[in-house]
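A.B. asks: 3D, please:
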Amino acid sequence: EAAAAPALRLRAQIARISREIAEGQRLRASGPRAEAALAELAGRLPRSSWLTALEIAGDGTLRISGRAPAFESVGSLLAQLEAMGSVGTPALLDAQRPGRTGSLRFQIETRRP
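C.D. replies: Presented below is the predicted three-dimensional model:
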């Protein structure tokens, strides 16, 4: 079992990279409109907050995962997304701080009307 651990980790990394490549191809295929919306989102991101994942479903649902220093930063991001309008109505799916210190992990989903 210990000998198989490196191979299992490598297999998991390959699967993760394959998912990221597929997501990149899906974003490219969605055209300039999605690219412009993502650029606007990046420009509106509160200071000291960052994104860790973006997923776009076939129905246009955008799932945003990231980290933020405080709940106020997540609230600010929700307000910015709502003001954008081009990504749909945002909903906070999850926000929690693992442990006593460190940044919050958050997940937001937007759906176009």
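A.B. asks: Please make it C-alpha for all contacts and neighbour counts, starting now.
C.D. replies: OK.
A.B. asks: Neighbours of residue 55, how many?
C.D. replies: Residue 55 has 17 neighbours, counted by other C-alpha atoms under 10 Å.
A.B. asks: what's the weakest-modelled helix or strand in the chain?
C.D. replies: helix 32-44 (a mean of 73; mean pLDDT, DSSP states H and E).
A.B. asks: what residue ranges in this structure are flagged as low confidence?
C.D. replies: 27-35, 112-113 (pLDDT under 70).
A.B. asks: Helices along that one, start to end?
C.D. replies: Along the chain, counting by DSSP state H, helices occupy 5-29, 32-44, 71-84.
A.B. asks: Rebuild the ones you listed as TSV, extending it with mean neighbour count.
C.D. replies: Below are these laid out as TSV (neighbours: other C-alpha atoms under 10 Å):
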stretch	mean neighbour count
helix 5-29	12
helix 32-44	14
helix 71-84	17
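A.B. asks: in the sheet, who's paired with the residue minimising distance to the centre of the chain?
C.D. replies: Nearest to the mean C-alpha position of the chain, by C-alpha atoms, centre = their mean, lies residue 64 at 2.7 Å. Applying DSSP bridges to residue 64 gives these bridge partners: residue 54, residue 108.
A.B. asks: Report whether the expected contact of it with residue 57 is present.
C.D. replies: No. Assessed by C-alpha atoms under 8 Å, residue 64 is found out of contact with residue 57, at 11.5 Å.
A.B. asks: okay, the helices of the chain in TSV with distance to residue 91 next?
C.D. replies: Formatted as TSV, those follow (distance: least, C-alpha to C-alpha, whole Å):
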stretch	distance to residue 91
helix 5-29	21
helix 32-44	15
helix 71-84	8
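A.B. asks: For residue 53, find the nearest of the ones you listed.
C.D. replies: Of all those, helix 5-29 sits nearest to residue 53, with 9.3 Å by C-alpha to C-alpha.
A.B. asks: Which other helices and strands does the closest one contact?
C.D. replies: Helix 5-29 is packed against helix 32-44, strand 50-56, with contacts defined by 3 or more C-alpha pairs under 8 Å, 6 or more residues apart in numbering; DSSP states H and E.
A.B. asks: Turn the ones you listed into JSON lines, columns for distance to residue 13.
C.D. replies: Shown next, in JSON lines, are the helices and strands packed on helix 5-29 (distance: least, C-alpha to C-alpha, whole Å):
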{"stretch": "helix 32-44", "distance to residue 13": "25"}
{"stretch": "strand 50-56", "distance to residue 13": "15"}
